[in-house]
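Visitor: give me coordinates for this.
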Amino acid sequence: MGKFSKQGALLAVGLSSLILLASGCSASTVEAVGGPTSTVSAVPAVSATPTAAAKLFSVGGSLNTKLIPGVTVKTSKGAYLQAAIDPTDKVFQYDPKLVEAGVLDQWSVEDITAAQKFMVNFALTELIDTPLNGQAETPDQWYTRNVDKFLPIWHEDLRKIIGSVDENGESTSIVTEQAWMAAKGIEYRYGADQPRMIGMEMAPTKYAVTPEGYLSIYFNALFVMSTEEGTADNQIDTNSNMQFAVLKTEDGSFVFNEANNNYSYNHH
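Guide: The predicted structure is shown next:
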């Protein structure tokens, strides 16, 4: 069983400048201590049989975000069935108990709810159950698909972060890339009707507004993905703290000016 702690990269864009706020991560050893602002936190094992539970998109227990079949994603390692979240799930619902002072002075409940949906779907499909997680696509492919979701002022820095590693060979990306898997002979499960993700629990924890007026939403997430190592069926349990800040454009869409993904994981 391996326990790891990772620190993703946080980017923030002001009205006229780009600032790299944090970019630290752990060393690549088992039981490694995290980076300057991260802590080692073992992820409790979730009981599940990946091959059986995967078909149901659920491992039961406390992981009650309702996953449903999404789209079939074709990758360099084969196709897989990407997870989606049921539109009625509570992770998409606005929670007035989490709103900090000043938010509703600048953002309507309708816009907050729409931005929350945008963030959750992005987190699921592009930070967690993305082909880049497990290196089934290249950083350039991920960047091309997602660059327009971010403010132009930091496109160049975004590309530098995706797929990046520190001096210890550890990822500093905002994407949960799990680059360590290949060296250990571990792969996610692939198949056109086979999901890699088998369970998830995600919820917002705070709504805030930045000094520039961007809407910032914080999330906690626990997700489980099925792996295979030779003939063994295993899984990766990941705890993640995410934070995003967005701007609403004139056409009603949203673009990111902050993206933060700090996570710890346990392969067993």
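
Visitor: neighbours of the residue nearest to residue 116 when sequence neighbours are not counted, just the number please.
Guide: Residue nearest to residue 116 in three dimensions, not counting chain neighbours: residue 217, with 5.8 Å by CB to CB, 6 or more residues apart in numbering. The C-beta positions use only the backbone N, C-alpha and C, and glycine is treated the same way. Residue 217 sits with 22 neighbouring residues when counted by other CB atoms under 10 Å.

Visitor: same question for residue 126.
Guide: Counted with other CB under 10 Å, residues neighbouring residue 126 total 20.

Visitor: that one is in contact with residue 142, isn't it?
Guide: Yes - using CB atoms under 8 Å, residue 126 is in contact with residue 142, at 7.3 Å.

Visitor: now do the shared contacts for the two.
Guide: Common contact partners of residue 126 and residue 142 (CB atoms under 8 Å, 6 or more residues apart in numbering): residue 175.

Visitor: ok so, going back, so the residue nearest to residue 116 sits right up against residue 115, yeah?
Guide: Yes - counting by CB under 8 Å, residue 115 is a contact partner of residue 217 at 6.9 Å.

Visitor: list of residues touching the helix or strand residue 142 falls within?
Guide: Assigned by DSSP states H and E, residue 142 falls within helix 139-146. Here helix 139-146 makes contact (CB under 8 Å, 6+ apart) with 122, 126, 130, 131, 132, 158, 159, 162, 163, 175.

Visitor: try 6 Å
Guide: 126, 132, 159, 162, 163 (CB atoms under 6 Å, 6 or more residues apart in numbering).

Visitor: of those residues - the most surrounded one?
Guide: Within these, most neighbours by other CB under 10 Å means residue 132, with 25 neighbours.

Visitor: what's the distance between it and residue 120?
Guide: 18 Å (CB to CB, to the nearest Å).

Visitor: name the residue closest to the centre of the chain, please.
Guide: Nearest to the mean C-alpha position of the chain, by CA atoms, centre = their mean, lies residue 127 at 3.4 Å.

Visitor: ok, back up a step: how about the secondary structure of the residue nearest to residue 116?
Guide: Counting by DSSP: H, G, I helix; E, B strand; the rest coil, the backbone at residue 217 sits in strand.

Visitor: what sits against it?
Guide: For residue 217, the contact set (CB under 6 Å, 6+ apart) comprises 116, 119, 204, 207, 244.

Visitor: surely the second one meets residue 244?
Guide: Yes - with contacts counted by CB atoms under 6 Å, residue 119 reaches residue 244, the gap being 4.6 Å.

Visitor: can you give me the buried ones in stretch 128-141?
Guide: The neighbour-count check on stretch 128-141 (16 or more other CB atoms under 10 Å) flags 128, 129, 130, 131, 132, 133, 134, 135, 136, 137, 139 as buried.

Visitor: start and end of it, how far apart?
Guide: The first and final residues of stretch 128-141 sit 16 Å from each other (CA to CA, to the nearest Å).

Visitor: so how far is it off the chain centroid?
Guide: Distance, stretch centre to chain centre, for stretch 128-141: 12 Å (CA atoms, centre = their mean, to the nearest Å).

Visitor: what mean pLDDT does it have?
Guide: Taken as a whole, stretch 128-141 has an average pLDDT of 94.

Visitor: report the longest strand in this protein, please.
Guide: Longest strand in the chain, counting residues (DSSP state E): strand 232-248.

Visitor: I'd like the mean pLDDT over that strand, please.
Guide: Across strand 232-248, pLDDT averages out at 91.

Visitor: for it, name the packing helices and strands.
Guide: Helices and strands touching strand 232-248, by 3 or more CB pairs under 6 Å, 6 or more residues apart in numbering; DSSP states H and E, are helix 50-54, strand 215-229, strand 254-267.

Visitor: quick one: that strand to strand 254-267, angle?
Guide: 160 degrees (axes from the mean of the first three to the mean of the last three CA atoms, to 10 degrees).

Visitor: paired strands for strand 232-248, with orientation please.
Guide: strand 215-229 (antiparallel), strand 254-267 (antiparallel) (DSSP bridges).

Visitor: the shortest one vs helix 139-146, what angle?
Guide: Calculated by the same axes, to 10 degrees, strand 254-267 forms an angle of 140 degrees with helix 139-146.
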